[in-house]
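Enquirer: model this:
(chains A and B)
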Amino acid sequence: MINFFIMTSIIILCLVFLCLYRAAFGPGVLNRIIAVNVIGTKTIVVILFMGLIFKRVDMFIDISIVYALMNFIATLTFSKYSRTKGVL
Amino acid sequence: MYIVSMFFIICGTFFLFAGTIGLLRLPDFYTRMHATGKCDTLGSILILFGMTFYLGPSLESIKIILIMVFVFLTSPTATHSIGKAAFDNKLPLWTKEKKNDLAT
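Expert: Below is the predicted model of the structure:
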């Protein structure tokens, strides 16, 4: 089961690198914001997989909750700034 | 119980893969948002649900279900906010009609 978790984590990290293309070269600010949001959602899952692999789930769950909160707040702040200032 | 957990995790990984392909391949900002906003939420929720089956009834499972509820609430909210920002700034929509550059 641990090997299965490691394999799934590696697959999700490859998906993160694919998303990084859109975050680096995407036309405009909004494409980059949405790519960073997707990477954050994948990171929550990868952090929980790390907890399952190292058998310290009780510690990694709290880190994951904090990461989800930070991801949400960052996306809302960027979109609000982009809406009021008219930056595209 | 491990079989059920592996099934849910594989389904969630498939949905994350589909969302990433949509983010890379679709032609417009709105269509990319349409791909990621749904596939990412569903994929992460399925993976976390599989993890609760692996852990069994414990405090960690309750916390993971709490993360599931949080992701289910906040991810569509963030997507809606970005879409509203794009629409208020009049980002042009993608249309299917092709522009003919050689026509006089």
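Enquirer: drop to CA atoms for contacts and neighbour counts, all remaining ones
Expert: Will do.
Enquirer: around chain B, pick out the residues from chain A.
Expert: A:1, A:8, A:12, A:15, A:18-19, A:22, A:30-31, A:34-35, A:38, A:41-42, A:45, A:57-58, A:61, A:65, A:68, A:72, A:75-76, A:79-80, A:82-83, A:86-88 (C-alpha under 8 Å from any C-alpha of the partner chain).
Enquirer: ok, 7 Å please
Expert: Contact residues, chain A versus chain B (C-alpha under 7 Å from any C-alpha of the partner chain): A:15, A:19, A:22, A:31, A:38, A:45, A:58, A:65, A:72, A:75-76, A:79, A:82-83, A:86.
Enquirer: next up, phi/psi of the residue in chain A that chain B sits nearest to, please.
Expert: When distances are taken as C-alpha to the nearest C-alpha, chain A approaches chain B most closely through A:Arg83, which lies 4.6 Å from it. The phi and psi torsions at A:Arg83 (degrees, to the nearest 10) take the values phi -80, psi -40.
Enquirer: so what's it closest to, chain neighbours aside?
Expert: Counting by C-alpha to C-alpha, 6 or more residues apart in numbering or on different chains, the nearest residue to A:Arg83 once its immediate chain neighbours are dropped is B:Ala85, at 4.6 Å.
Enquirer: measure the one you found to A:Asn31 for me?
Expert: Spatial separation of B:Ala85 from A:Asn31 under the definition C-alpha to C-alpha, to the nearest Å is 12 Å.
Enquirer: any idea which element residue 36 lies in?
Expert: I'll assume chain A. Following DSSP states H and E, one finds A:Val36 within helix A:29-54.
Enquirer: right idea, wrong chain: chain B
Expert: Of the helices and strands defined by DSSP H and E, B:Thr36 is found in helix B:29-55.
Enquirer: which strands and helices lie in contact with that helix?
Expert: Judged by 3 or more C-alpha pairs under 7 Å, 6 or more residues apart in numbering or on different chains; DSSP states H and E, helix B:29-55 is in contact with helix A:29-54, helix B:2-25, helix B:59-88.
Enquirer: need these in a markdown table with distance to B:Gly43 and mean neighbour count, can you?
Expert: Formatted as a markdown table, the helices and strands packed on helix B:29-55 follow (distance: least, C-alpha to C-alpha, whole Å; neighbours: other C-alpha atoms under 10 Å in any protein chain shown):
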| stretch | distance to B:Gly43 | mean neighbour count |
| --- | --- | --- |
| helix A:29-54 | 9 | 21 |
| helix B:2-25 | 4 | 19 |
| helix B:59-88 | 11 | 18 |
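Enquirer: tabulate those in TSV, adding columns for distance to B:Trp94 and mean pLDDT.
Expert: Conversion of those to TSV gives the following (distance: least, C-alpha to C-alpha, whole Å; pLDDT from 0 to 100):
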stretch	distance to B:Trp94	mean pLDDT
helix A:29-54	14	91
helix B:2-25	14	92
helix B:59-88	13	90
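Enquirer: how about the residues of chain B by chain A?
Expert: Residues of chain B lying close to chain A (C-alpha under 7 Å from any C-alpha) are B:17, B:20, B:24, B:29, B:40, B:44, B:60, B:67, B:74, B:78, B:81-82, B:85, B:88-89.
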